[in-house]
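Enquirer: For reference, the sequence and a predicted model appear below.
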Amino acid sequence: MSTTRPYPPGDLGPEPGGASGMSGEAASDEPPASTGGRQVRRLRLHGESGVVPLARDFAREALYAWGWLPAATADRRAAAEDVLLVVSELVTNACLHAEGPEELFLACDRKVIRVEVSDRGAGQPAPRTPHRAGRPGGHGMFIVQRLCLDWGVVRTAGAAGKTVWAELGAPA
């Protein structure tokens, strides 16, 4: 697991074979957008109420649009549920520890779905160490770490806040 990444938010970095990563093009939260085989969606959350269920519903709609749902198999259903859980955890952490989320960004290609939550907080998310399963609270980043291929934090020099990102494998 890495906690930083040399690529800006929304950029998946270089792919094997020389294909470029995702561009920084913005997508609206209305229709899905596609850039180079990747589909992206963006939802502004700043100033909204009920942001965790709003973010989950938005992510669920994207999963339907991208063919992850309805799931034909138990593995595909579990993969979609993992995405929804990661969205919930990252948005909840922004609510609890970072003055609330600013934006949810989702990107999907054939191999990976990327979840990004931007906020204005200065803190550094990390799994609680040591993790104690019976202890209430503090399990969010442990869950993210366990479910995701990778996750990390990107900060923009000279700007307040950060983007916490996580990547999950697409179902087979």
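Expert: Cool, got the structure. Numbers count the residues shown, from 1 in each chain.
Enquirer: For the most centrally placed residue in the chain, list the residues it contacts.
Expert: By Cα atoms, centre = their mean, the mean C-alpha position of the chain lies nearest to residue 115, the distance being 1.6 Å. For residue 115, the contacting residues are 59, 83, 86-87, 90, 104-106, 165-168, by Cβ atoms under 8 Å, 6 or more residues apart in numbering. C-beta coordinates here come from the backbone N, C-alpha and C atoms, glycine included.
Enquirer: ditto for residue 100
Expert: 45-46, 51, 94, 119-120.
Enquirer: among those residues, which two are most distant?
Expert: The largest separation in the contacts of residue 100, counting by Cβ to Cβ, is between 51 and 120 at 13.8 Å.
Enquirer: So for the two, which sits in the more crowded spot?
Expert: Of the pair residue 51 and residue 120, residue 51 is the one with more neighbours under other Cβ atoms under 10 Å, namely 21 against 15.
Enquirer: Put together TSV for the contacts of residue 115, with distance to residue 152 and neighbour count on each row.
Expert: Shown next, in TSV, are the contacts of residue 115 (distance: Cβ to Cβ, whole Å; neighbours: other Cβ atoms under 10 Å):
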residue	distance to residue 152	neighbour count
59	19	25
83	17	26
86	13	23
87	16	24
90	12	27
104	17	26
105	14	21
106	17	25
165	6	25
166	8	23
167	9	19
168	14	22
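Enquirer: Any regions of the protein where pLDDT drops low?
Expert: For the chain, applying pLDDT under 70 flags the ranges 1-36, 128-137.
Enquirer: quick one, longest helix in it?
Expert: helix 74-97 (DSSP state H).
Enquirer: Centre of the chain to that one, how far?
Expert: Here helix 74-97 is found 8 Å from its chain centre; the criterion is Cα atoms, centre = their mean, to the nearest Å.
Enquirer: now do stretch 106-113
Expert: Taking mean C-alpha positions (Cα atoms, centre = their mean), stretch 106-113 and its chain are 10 Å apart.
Enquirer: same deal with stretch 150-167?
Expert: 11 Å.
Enquirer: what's the helix or strand for residue 159?
Expert: Using DSSP states H and E, residue 159 falls within no helix or strand.
Enquirer: Could I get the full set of strands for this structure?
Expert: For the chain, strands defined by DSSP state E occupy the ranges 33-35, 38-44, 101-108, 112-119, 150-154, 162-169.
Enquirer: neighbouring contacts of the longest helix of the chain?
Expert: 45, 51-52, 55-56, 59-60, 63, 68-69, 71, 100-102, 104, 106, 113, 115, 117, 119, 121, 123, 125, 140-141, 143-144, 147-148, 164, 166, 168-172.
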